[in-house]
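**Student:** sequence below, structure please.
(one chain, ligands or ions: 1)
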Amino acid sequence: RPPLLLLSRRLYPTAARRLPQAIIIGVRKCGTRALLEMLYLHPMVQKAAGEVHFFDRDENYNRGLEWYRMKMPHSYQGQITIEKSPSYFVTPEVPERIRAMNASVKLILIVREPVTRAISDYTQLRTHAATASTVTPSSSSQRAFEQLALMSNGSINEQYRPLAISIYHNYVHRWLEVFPREQILVVNGDLLIEDPVPQLQKIEKFLGLESRIGTHNFYFNETKGFYCLRNETSDRCLRESKGRRHPRVDPFVVSKLRRYFGEHNQKFYELIGEDLGWPE
Ligand code: A3P
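**Tutor:** A predicted model of the protein is given here:
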């Protein structure tokens, strides 16, 4: 047989599906999709399609690593494969499971100011509930954020999921028990919205990539109110479900919540060794 195929394999490295070397672990509604799509602008990055939910769902985890690997895109040697599943952050079993796969995997945690994140989460849940209620009508789907975040006596409803997820220190401590601090990069999602390039440059460095993403990769779309992505062939914004308009929340409730989160944020800063300067 002519050795053409063999020869070309030697000249051109073969693409293969590889386990991720980096994972965006959360937090939901902090810009996890934007971050993955932005990193994908880098020629040495490959991304998994959708959210894989391997480590947080037992039915997937029990299928084993080979199942997970098959969910990954093809990549060339030297490229970095990244996946994002924001529920990893809040699922207790996940840190240990990820370590069992690869103790030196790089983890990216994107966060936003907690009250903004909670309102974003509420907005998404309300949109989903409104869609579902066209099938099964439900009155709770349209309750105002203020009614859900505060109890009837005015105290904060700590059980309300969008608030509970914003108490980041409750979850991050488990990750720090399993991974050294320098293996987790904390990205400020509010800064990623305002000015993505400096944040992406930090991530390139963290991932050991040459700096390739720059201002040429972005343009501000006035209608959307967010930066959109640009590469050699096209311009594109994220889908409508990313960058929703938030409902107006009573400023009294916002300041009450900010005060409540003050102490939790301090605990988070202490754990990560970094002050994100969120308003109190
Ligand atoms: P909102 O829709 O509440 O504004 P996730 O992908 O983790 O669900 O996060 C969604 C959030 O990503 C959006 O929340 C939006 O604020 C944020 N985001 C960050 N950069 C964005 C961008 N360039 N375009 C659209 N949304 C972006």
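**Student:** so the closest residue to residue 221 other than its chain neighbours, which of the three states?
**Tutor:** Closest residue to residue 221 apart from its sequence neighbours, by CB to CB, 6 or more residues apart in numbering: residue 228 at 4.6 Å. Where C-beta positions appear, they are placed from N, C-alpha and C, glycine not excepted. Judged by DSSP: H, G, I helix; E, B strand; the rest coil, the three-state class of residue 228 is strand.
**Student:** could you pull up the residues touching residue 228?
**Tutor:** 218, 219, 220, 221, 235, 236, 237, 238 (CB atoms under 8 Å, 6 or more residues apart in numbering).
**Student:** just name the closest of those residues to the ligand, please.
**Tutor:** residue 238 (4.2 Å; CB to the nearest ligand atom).
**Student:** quick check: the residue nearest to residue 221 vs residue 51, distance?
**Tutor:** Distance, residue 228 to residue 51, using CB to CB, to the nearest Å: 22 Å.
**Student:** now the helices: where do they sit in this protein?
**Tutor:** 4-11, 32-39, 58-61, 65-70, 94-101, 114-132, 145-149, 161-165, 169-178, 189-194, 196-207, 251-272 (DSSP state H).
**Student:** would you mark the buried spots in the fourth one?
**Tutor:** Right, helix 65-70. 68, 69 (16 or more other CB atoms under 10 Å).
**Student:** contacts for that helix, please.
**Tutor:** So helix 65-70 is contacted by 17, 18, 19, 52, 54, 60, 101 (CB under 8 Å, 6+ apart).
**Student:** which two of those have the greatest separation?
**Tutor:** With CB to CB as the measure, no two of the contacts of helix 65-70 lie farther apart than 18 and 60, at 18.1 Å.
**Student:** return the residues of the protein in contact with the ligand.
**Tutor:** 28-34, 86, 120, 123, 192-193, 226-227, 238, 242-244 (CB under 6 Å from any ligand atom).
**Student:** got the contact list for the residue nearest the centre of the chain?
**Tutor:** Nearest to the mean C-alpha position of the chain, by CA atoms, centre = their mean, lies residue 32 at 2.6 Å. Applying CB under 8 Å, 6+ apart, we find residue 32 in contact with 24, 26, 84, 86, 110.
**Student:** which ones are touching the last one?
**Tutor:** When contacts are counted by CB under 8 Å, 6+ apart, residue 110 is found next to 24, 26, 27, 30, 31, 32, 35, 186, 187, 188, 189, 192.
**Student:** distance of it from residue 180?
**Tutor:** 19 Å.
**Student:** low-confidence ranges in the stretch 51-200 of the chain?
**Tutor:** 134-141 (pLDDT under 70).
**Student:** where does it get nearest to the ligand, residue-wise?
**Tutor:** Closest point on the stretch 51-200 of the chain to the ligand, by CB to the nearest ligand atom, is residue 120, at 3.2 Å.
**Student:** was I right about that residue contacting residue 29?
**Tutor:** Yes - counting by CB atoms under 8 Å, residue 29 is a contact partner of residue 120 at 4.2 Å.
**Student:** more crowded one of those two?
**Tutor:** Taking other CB atoms under 10 Å, residue 120 and residue 29 do not tie; residue 29 has more neighbours (26 against 21).
**Student:** test my guess that the more buried one contacts residue 122.
**Tutor:** No - between residue 29 and residue 122 there is no contact under CB under 8 Å: 9.4 Å.
**Student:** what's the closest non-adjacent residue to residue 102?
**Tutor:** residue 19 (6.7 Å).
**Student:** verify the stated contact: that neighbour with residue 100.
**Tutor:** No - counting by CB under 8 Å, residue 19 sits too far from residue 100 to count as a contact (11.8 Å).
**Student:** between those two, which is the more surrounded one?
**Tutor:** Applying other CB under 10 Å to residue 19 and residue 100 shows that residue 19 carries more neighbours, namely 17 against 11.
**Student:** still on that earlier bit, just the contacts of helix 65-70: which are in strands?
**Tutor:** The members of the contacts of helix 65-70 that map onto strands under DSSP state E are residue 17.
**Student:** now, of the contacts of helix 65-70, which are buried?
**Tutor:** For the contacts of helix 65-70, buried by 16+ other CB under 10 Å: 17, 18, 19, 52, 54, 60.
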